[in-house]
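A.B. asks: what follows is a protein structure lacking sequence information:
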Ligand code: GLU
């Protein structure tokens, strides 16, 4: 792709938060790991704010970046705003369409649930209702849903329902593929398409993120291959364990003081938060004061905990 920043051979890692609010401890821990993976492997570290969803909180992206700085995390170049990258997203969809790999889908969620699933399809897969419509049927479907616009789906290669990849933390991982959405009916480009196009354009060859996104990775690898951009083994993936709240469910804002600012209001300093995150990763003793540079010296991906970390709430320890 024309903006590929990896032309000098130095790869890049990245952190790509969605600006839906302040980063909580789980997000901060993932960001710290992404930084450690990139810096310890001599890569650049890039930042991308995934702000495609227009309902997002406008100021959150800037606050997220400030919080990363408070922990000592730095990045190269200016953060990329995903909403500035529409032309590239559109061009990628056009390229897929030219190759006959895109079709319009007029199904509502209800239609999808009501449709019989295709034989051998993975559970929850799009049943293929709109995949083989004739031009006349497609025009009728368009008319039926007007003024709503149809979504665009990928025509996944016949018979490809699963794809395997090697994850640095999860090991060999297999996941389902279906005719997933590339562009929603409201015109918003889907996460899977945007992330693949943007990572390729930014020269990202190391993707570290929460393991809740591991099921999306096979779809993204398929897109990389179809678009002819780097894919594994050239691109490496590390899906990191999530942080759980006191109830055992994924950590959420409702679990109390979980952002840097909330913790500071309770008298917990940024340094203490970094120390807690580091000790949860086996990179510091309980209460030991550390800097991200010190953590970098100690970082060994092979020794990282593979289990979720349960955050007890209250103080930072
Ligand atoms: N923006 C996504 C999120 O915050 C992460 C995307 C990615 O790392 O691929 O969940």
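C.D. replies: Received, thanks. Predicted, not measured: the structure shown is a model, and the values here were computed from it.

A.B. asks: got the residues of the stretch 101-250 of the chain near the ligand?
C.D. replies: Neighbours of the ligand within the stretch 101-250 of the chain, by C-beta under 6 Å from any ligand atom: 195, 209, 213. Just so you know, the C-beta spots here come from the backbone N, C-alpha and C atoms, and that holds for glycine as well.

A.B. asks: from the residues you listed, which single one is nearest residue 282?
C.D. replies: residue 209 (19.8 Å; C-beta to C-beta).

A.B. asks: looking at the stretch 151-300 of the chain, which residue is nearest the ligand?
C.D. replies: Nearest residue of the stretch 151-300 of the chain to the ligand, counting by C-beta to the nearest ligand atom: residue 209, 3.5 Å away.

A.B. asks: on the three-state scheme, that residue is what?
C.D. replies: Of the three states, residue 209 takes strand under DSSP: H, G, I helix; E, B strand; the rest coil.

A.B. asks: and residue 60, how far from the ligand?
C.D. replies: Going from residue 60 to the ligand by C-beta to the nearest ligand atom, to the nearest Å gives 11 Å.

A.B. asks: list the residues that contact that residue.
C.D. replies: 19-22 (C-beta atoms under 8 Å, 6 or more residues apart in numbering).

A.B. asks: so of those, which ones are in strands?
C.D. replies: Among the contacts of residue 60, no member falls in strands (criterion: DSSP state E).

A.B. asks: nearest to the ligand among these?
C.D. replies: Using C-beta to the nearest ligand atom, residue 20 is the member of the contacts of residue 60 that lies nearest the ligand, at 7.7 Å.

A.B. asks: next up, phi/psi of that closest one, please.
C.D. replies: Backbone geometry at residue 20, expressed as degrees, to the nearest 10, gives phi -100, psi 0.

A.B. asks: let me know the outermost residue of the chain.
C.D. replies: Farthest-out residue of the chain from its mean C-alpha position, per C-alpha atoms, centre = their mean: residue 136, at 37.4 Å.

A.B. asks: sec struct for that one, please.
C.D. replies: Applying three-state DSSP: residue 136 is helix.

A.B. asks: if I look at it, how far off is residue 185?
C.D. replies: From residue 136 over to residue 185 the distance is 21 Å, taken as C-beta to C-beta, to the nearest Å.

A.B. asks: burial of the closest residue to residue 241 other than its chain neighbours, as a residue count?
C.D. replies: Excluding the flanking residues, the one nearest residue 241 by C-beta to C-beta, 6 or more residues apart in numbering is residue 308, at 4.6 Å. Residues near residue 308, counting by other C-beta atoms under 10 Å, number 16.
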